[in-house]
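Engineer: need coordinates for the below:
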Amino acid sequence: MRQKHSFNFLIGLLFGGLVGLLFWYWQKSTSAEDGALALLDKLAATEKRARQVKESLERGEEPDMLRNIPLPPAGSEVPSFLSRSRVESESETAAADDLTQVKGIGDVFNGRLQAAGITTFASLKALSAAALADILQIRLGRAENILAEANAM
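Structural biologist: Here you go, the predicted structure:
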């Protein structure tokens with residue numbers, strides 16, 4: 001009699017393990033699909049913003065992206081990356097720095113900063129945490145950490 005009960009227990013244990021494994025795999029696969037869909041949404045939004053910036057540059061207007069950067073109070077010196085001719089002034093005054101030396105900035109973030117016209121350590125340090133978070137599309141806390149690392153250099 002005991003042998004029959006232990007055999008039934010083992011069969012139940014095996015069946016329960018298989019059901020648990022199937023449930024785990026289903027959860028894993030659906031969460032990965034959700035993450036992929038979220039990335040596709042971000043990619044579409046980024047492409048839309050890039051088209052808008054390109055169109056505004058073709059019309060000779062200032063891109064909306066630069067209008068959202070908070071300017072310093074009147075009477076203070078405006079950093080070169082906020083000036084209207086920032087591309088010209090940066091190419092004349094300073095060569096581009098390797099921003100990947102800052103802890104937290106890799107190739108992807110470096111590309112986003114380059115696209116926004118931030119190519120030197122000075123222009124990176126002059127950014128506010130909110131502006132950096134907006135450019136890199138990250139949380140404010142992570143942007144503050146990156147700025148702290150840049151200021152420590």
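Engineer: all contacts plus neighbour counts: C-alpha atoms, from now on.
Structural biologist: OK.
Engineer: element containing residue 53, please.
Structural biologist: helix 2-58 (DSSP states H and E).
Engineer: please apply the same query to residue 147.
Structural biologist: Residue 147 belongs to helix 140-152, assigned by DSSP H and E.
Engineer: can I get that helix in CSV, CA atoms only?
Structural biologist: The C-alpha coordinates for helix 140-152 follow below in CSV (Å, rounded to 0.1, in the frame of the first residue of the first chain):
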residue,chain,number,x,y,z
LEU,A,140,16.5,61.9,-13.6
GLY,A,141,18.4,60.1,-10.9
ARG,A,142,20.6,58.3,-13.4
ALA,A,143,21.2,61.6,-15.2
GLU,A,144,22.3,63.1,-11.8
ASN,A,145,24.7,60.2,-11.3
ILE,A,146,26.2,60.7,-14.7
LEU,A,147,26.7,64.5,-14.1
ALA,A,148,28.3,63.8,-10.7
GLU,A,149,30.8,61.4,-12.5
ALA,A,150,31.5,64.1,-15.1
ASN,A,151,32.1,66.8,-12.5
ALA,A,152,34.4,64.4,-10.6
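Engineer: who are the packing partners of it?
Structural biologist: Packed against helix 140-152 by the contact rule (3 or more C-alpha pairs under 8 Å, 6 or more residues apart in numbering; DSSP states H and E) you find helix 121-126, helix 129-136.
Engineer: so can I have a markdown table of those showing mean pLDDT, mean neighbour count and distance to residue 58?
Structural biologist: As requested, these are exported to a markdown table (pLDDT from 0 to 100; neighbours: other C-alpha atoms under 10 Å; distance: least, C-alpha to C-alpha, whole Å):
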| stretch | mean pLDDT | mean neighbour count | distance to residue 58 |
| --- | --- | --- | --- |
| helix 121-126 | 88 | 17 | 25 |
| helix 129-136 | 89 | 19 | 21 |
